[in-house]
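Participant: With the input below, show me the fold.
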Amino acid sequence: MGVCVSCRRRERKAPEKRSVPGAGGPAKGAAAELLPRRVNRLTAMANSMSNIKMTNPIKGIVSKRRIRYTKHGFNLDLAYITDRLIAMGFPAEKLEAVYRNHIDEVNRFLEKMHKDHYKIYNLCWERSYDSSKFQGNVAKYAFKDHMPPNIELIQPFCEDVHKWLSTDSRNVAAVHCKAGKGRTGTMVCCYLLYSGQMATADEALKFYGTKRTLDEKGVTIPSQRRYVEYYAALLRSGVQYRATKVHVRSLVLSPAPPALNGSHSAPELAISQAHPPFKTPSGCQEVSRTETGLRVHLTHCTPLYGDVRVDVYNKPKLKMGKEKMFHFWFNTFFVASELAEGAQRVTPLPDSPNLETFKLTLNKWQLDDAHKDKQHKNYSPDFKSSRFVAHAESRAASAASSSASSCSEPDTEPDAHWDSGEHARPRGRCASAWAATGSCRPTTPTTRNYAHAPAAAPLHAAPNLSILINDHMLLSCESTYL
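Facilitator: Below is the predicted model:
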């Protein structure tokens, strides 16, 4: 009796079973043959994760265009900005060390190259590590990723670095955030200005870009660059810093972005203050169309001080949620003082004829997130965000005179014919915020003083600068967004 065709096919396809002598039969022999390969593979993977000393292509991919230090057997996301100033990525552990600097390798580098003469400056707000890995030589000046530092953080950082470098000519400062580029570059550039190694913000930013990156793009976030310019202006002028009060009243977007051209979407503002934390309540905004774009008007303004963030959203009228468009940071002192660059004097508004009024504009490339639109898909090349600022000069003058005296009587009189929103009870959603505090006013900042290092220090020091935030001065020196 013959064998069917299907059976013959199965016989041809059946794999040949081989036995390994002494392995306990065919099945066990096959497993024994494969086991060493699997063990070797797992061992190699474990070694590659723990031994980061070897060349790792993943690190190069993650570091993108940042310059790496590859001398003396090291492969670190690290660069010398000057002979004594180092910018580097976060010293990581465990799995994160596969694609970032391994903390043990950073320790080995510093111990080999600068033993007993290094200090690390950690700018990371979101993470930390065991400082004993570096003999405790770690100082923390933290702020959040993709944001500028609090203006009050820059001065003590520069003083700390300057003091350390002035102690011994062999000392070096290693500054890092997470990637070791944006936040690190912001503070490094400020120190280059503070120490007199760079004369202007633009010069410092360009120098850092060439030393830290291959494409010369060091600090790219507009708000971070703006704060370097702020600090340069303070050093250059020697003007006393005051956390001036401002009232955010409206924002003009011109021309209107394509996403807001129709009638189904409208812009929405979220304005927040860094210190003390404060955020304006929603539902207090009115949107109107102008000849050139859109105006978002706050029906009840909120007095703000110091570092302020403005977020602009696209809010669909028929859908839940909203889409982030762009944001920017500014410091209130630099919108109504003599350091306010690009301010254009305009005719005062009818309800505040005695107040000097200025128009301040940020173009597309000065707005965080909007500056990434290189192809102009979301914003036209000439897109800008304009603000109108009314400056109560008489109050500024009284603040200057009162700062020299005891400032015992703060000037809290409201300006004539001008409703700042401080003395009116809000309606709608604003009412809950008003009921909690009696007003929309945030807590007044505390008093602080800062001064530069002595001129006789080994490194060149910038001119003396005194930064004073005084409670009475805040009430007396007033500016207003309209």
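Participant: Next one: K377 from A259, what distance?
Facilitator: K377 sits 10 Å away from A259, taking CB to CB, to the nearest Å as the criterion. In short, each C-beta sits where N, CA and C put it, glycine included.
Participant: Compare neighbour counts for the two and give me the winner.
Facilitator: Summary of the neighbour comparison: K377 and A259, criterion other CB atoms under 10 Å, with A259 having more neighbours (14 against 8).
Participant: Helix or strand: which one has the nearest residue to that one once chain neighbours are set aside?
Facilitator: Setting aside the residues directly before and after it, A259 is nearest to N314 in space (CB to CB, 6 or more residues apart in numbering), at 5.1 Å. According to DSSP states H and E, N314 maps onto strand 307-316.
Participant: Can you give the contact residues for the helix or strand following that strand?
Facilitator: Once the chain leaves strand 307-316, the next helix or strand it forms, by DSSP H and E, is strand 323-331. Where contact means CB atoms under 8 Å, 6 or more residues apart in numbering, the residues beyond strand 323-331 that reach it are 147-148, 151, 222-223, 226-227, 230, 257, 259, 267, 306-314, 316, 362, 366-370, 378, 385.
Participant: Now strand 323-331: buried residues?
Facilitator: 325-331 (16 or more other CB atoms under 10 Å).
Participant: ditto for stretch 253-260
Facilitator: Neighbour-count burial for stretch 253-260, with 16+ other CB under 10 Å as criterion, is recorded at 253-254, 256-257, 260.
Participant: same check, this time on stretch 137-155
Facilitator: Taking 16+ other CB under 10 Å as the neighbour-count basis, stretch 137-155 is seen to contain the buried residues 137-139, 141-143, 147-155.
Participant: Export it to PDB, keeping only CA atoms.
Facilitator: C-alpha atoms of stretch 137-155 as PDB (Å, rounded to 0.1, in the frame of the first residue of the first chain):
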ATOM      1  CA  ASN A 137      31.200  69.800  46.500                       C
ATOM      2  CA  VAL A 138      27.800  70.500  45.000                       C
ATOM      3  CA  ALA A 139      25.700  73.600  45.100                       C
ATOM      4  CA  LYS A 140      22.100  73.800  43.800                       C
ATOM      5  CA  TYR A 141      20.600  76.700  42.000                       C
ATOM      6  CA  ALA A 142      17.500  75.100  40.600                       C
ATOM      7  CA  PHE A 143      14.900  76.200  38.100                       C
ATOM      8  CA  LYS A 144      12.600  74.300  35.800                       C
ATOM      9  CA  ASP A 145      13.500  73.000  32.400                       C
ATOM     10  CA  HIS A 146      12.900  75.200  29.300                       C
ATOM     11  CA  MET A 147      12.300  78.200  31.600                       C
ATOM     12  CA  PRO A 148      14.500  81.200  32.500                       C
ATOM     13  CA  PRO A 149      15.800  81.500  36.100                       C
ATOM     14  CA  ASN A 150      14.200  83.700  38.700                       C
ATOM     15  CA  ILE A 151      15.900  87.000  38.200                       C
ATOM     16  CA  GLU A 152      16.900  86.900  41.900                       C
ATOM     17  CA  LEU A 153      18.700  83.500  41.400                       C
ATOM     18  CA  ILE A 154      21.300  84.900  39.000                       C
ATOM     19  CA  GLN A 155      23.100  87.200  41.300                       C
END
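Participant: Averaged pLDDT, that stretch. What do you get?
Facilitator: When pLDDT is averaged over stretch 137-155, the result is 96.
Participant: before we move on, what about stretch 75-90?
Facilitator: Confidence over stretch 75-90, taken as the mean pLDDT, stands at 96.
Participant: Could I get the full set of helices for the stretch 151-300 of the chain?
Facilitator: Assigned by DSSP state H, counting those that start in this stretch, the stretch 151-300 of the chain shows helices spanning 151-167, 182-194, 201-212, 222-237.
Participant: Contact partners for K178?
Facilitator: Applying CB under 8 Å, 6+ apart, we find K178 in contact with 89-90, 124, 126-127, 145.
Participant: Apply 7 Å and report the result again.
Facilitator: Each residue near K178 by CB atoms under 7 Å, 6 or more residues apart in numbering is listed here: 90, 124, 145.
Participant: how close does the closest residue to the first one other than its chain neighbours sit to D145?
Facilitator: By that I understand F90. For F90, the nearest residue in space outside its immediate sequence neighbours is K178; the separation is 5.0 Å by CB to CB, 6+ apart. Distance check for K178 against D145: by CB to CB, it reads 6 Å.
Participant: hang on, the earlier thing: mind picking the two most distant members of the buried residues of stretch 253-260?
Facilitator: Pairwise distances among these were taken by CB to CB; the largest, 11.4 Å, belongs to S254 and L260.
Participant: how close does Y194 sit to Y231?
Facilitator: 8 Å.
Participant: sorry, that was for A270
Facilitator: Taking CB to CB as the measure, A270 falls 26 Å from Y231.
Participant: And P148, by the same measure?
Facilitator: For P148, the distance to Y231 under the criterion CB to CB works out to 10 Å.
Participant: just to revisit the earlier point, which pLDDT value goes with the residue nearest to F90?
Facilitator: Note on K178: pLDDT of 95.
Participant: Let the chain start at 28 from now.
Facilitator: Yes, from this point I'll number from 28; that puts the last item at K205.
Participant: From L241, how far off is it?
Facilitator: K205 sits 19 Å away from L241, going by CB to CB.
Participant: got it, and N405?
Facilitator: Relative to L241, N405 is positioned 28 Å away (CB to CB).
Participant: between these two, who's got more neighbours?
Facilitator: Neighbour totals were compared for N405 and L241, and N405 leads with 17 against 13 (other CB under 10 Å).
Participant: Phi and psi next, for the spatially closest residue to the more buried one that is not a sequence neighbour.
Facilitator: With CB to CB, 6+ apart as the measure, P284 is the residue that lies nearest to N405, at 6.0 Å, once sequence neighbours are left out. In this entry, P284 is assigned phi and psi values of phi -60, psi 150 (degrees, to the nearest 10).
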